[in-house]
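Peer 1: let's see this in three dimensions:
(one chain, ligands or ions: 2)
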Amino acid sequence: MLVYIVGRAVLNLESAVMSHLRRRVAGVTPPNENRHMILDAFVVGRLQANCYAVGDEESREVLIVDPGDQGEALVEAFRTRDYRVTGVVVTHHHLDHSGGAHEVLQALPDARFYMHAADYPQIAASAPSGPAWYGREVAPPRAPDQLLEHGDVLRAGRHEFQVLHCPGHTPGHVCMEGEGVVFTGDVLFQGSIGRHDFPGSDGPALIRSIRDHLLTLPDETAVYSGHGPATTIGEERRHNPFLVNPRMTLGFDVD
Ligand SMILES: [Zn+2]
Ligand SMILES: [Zn+2]
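Peer 2: Ligands and ions are numbered 1, 2, ... in the order given. Prediction:
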């Protein structure tokens, strides 16, 4: 049974990489194409969350963003690709983004674990809902090696990424920006924004986070979200209905 599950997961991961590559061909070419950067996406779990690997093509050092599910299959995929995982970043506590972190960190003990202090304890708090929501038991990951704060810099070989604290979807949600790309978790999606009706969510704070920390990035910045296809900052600035007219779409605006 275990073999079957793992086998199926690996197949899912392979097709996820293919569909991600098709999406890139279809529209978004990150401006880092010539920077010898690894950029992989894996769609994992029942809620189809995007897990990303980003790093240095030469040294093979990568950071993993949001290993939400299928932890063992992800580790296998990293091994196949010869990645040296130096860090695991969890953007926020929701189990579709954090649910595979325990397995990945256990299999890769040299990888540092990064997360914001406001969200980390919530993984253990919501883990009992794993079977109902995600169809499996979720083991919370060990304590982070570094509690992320706004402005922190994370490195993968020659590449540097800056941590952006973007509360609103959850209090401790972080995005990660650098090398012409931004990983936005459940803050910003193609044509949409994160839900803000959960306990601990804050709609006006979410809009403020997006305006202050994401829409301030260059238009050509490639946006890699926690779910769904890639987009760009310019595309969302111009066409995302929740950002163009929050009063009409959300019923509130922010100063
Ligand atoms: Zn979420
Ligand atoms: Zn999510």
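Peer 1: how about stretch 115-134: buried residues?
Peer 2: 115-116, 118-120, 122-123, 126-127, 130, 133-134 (16 or more other Cβ atoms under 10 Å). C-beta here means a position set from N, CA and C on the backbone, and glycine is covered the same way.
Peer 1: return the residues of the stretch 151-255 of the chain in contact with ligand 1.
Peer 2: Asp186 (Cβ under 5 Å from the ion).
Peer 1: for ligand 1, what is the nearest residue in the stretch 151-255 of the chain?
Peer 2: Asp186 (3.6 Å; Cβ to the ion).
Peer 1: which one of the buried residues of stretch 115-134 is nearest ligand 1?
Peer 2: The closest of the buried residues of stretch 115-134, once distances to ligand 1 are taken by Cβ to the ion, is Asp119, at 9.9 Å.
Peer 1: show me the contacts for Val89.
Peer 2: Val89 makes contact with 63-66, 114-115, 148, 154, 174, 176, 183, according to Cβ atoms under 8 Å, 6 or more residues apart in numbering.
Peer 1: 10 Å - rerun?
Peer 2: Residues in contact with Val89 (Cβ atoms under 10 Å, 6 or more residues apart in numbering) are 52, 54, 63-67, 97, 101, 112-116, 144, 146, 148, 154, 161, 163, 174-176, 183, 185.
Peer 1: looking at it, Pro246 is touching Ile193, isn't it?
Peer 2: Yes. If you go by Cβ atoms under 10 Å, Pro246 and Ile193 touch, sitting 9.1 Å apart.
Peer 1: out of those two, which sits in the busier spot?
Peer 2: Per other Cβ atoms under 10 Å, whichever of Pro246 and Ile193 has more neighbours is Ile193, with 25 against 20.
Peer 1: any idea how far Met248 is from the nearest residue in space to the more buried one that is not next to it in sequence?
Peer 2: Distance criterion Cβ to Cβ, 6 or more residues apart in numbering; nearest residue to Ile193, sequence neighbours excluded, is Phe242 at 4.6 Å. Phe242 is 9 Å from Met248, where distance means Cβ to Cβ, to the nearest Å.
Peer 1: what's near enough to touch the residue nearest to Ile193?
Peer 2: So, once contact is read as Cβ under 10 Å, 6+ apart, Phe242 ends up touching 188-189, 191-194, 203, 206-207, 210, 236, 248-250.
Peer 1: restricted to helices, list the residues you listed.
Peer 2: Per DSSP state H, helices hold the following members of the contacts of Phe242: 203, 206-207, 236, 248-250.
Peer 1: buried residues in stretch 87-107?
Peer 2: Across stretch 87-107, burial judged by 16+ other Cβ under 10 Å covers 87-105, 107.
Peer 1: show me what the closest residue to Tyr52 other than its chain neighbours bridges to in the sheet.
Peer 2: Leaving aside its sequence neighbours, Tyr52 sits nearest to Val65 (Cβ to Cβ, 6+ apart; 4.3 Å). Val65 has the following beta-bridge partners by DSSP bridges: Tyr52, Val89.
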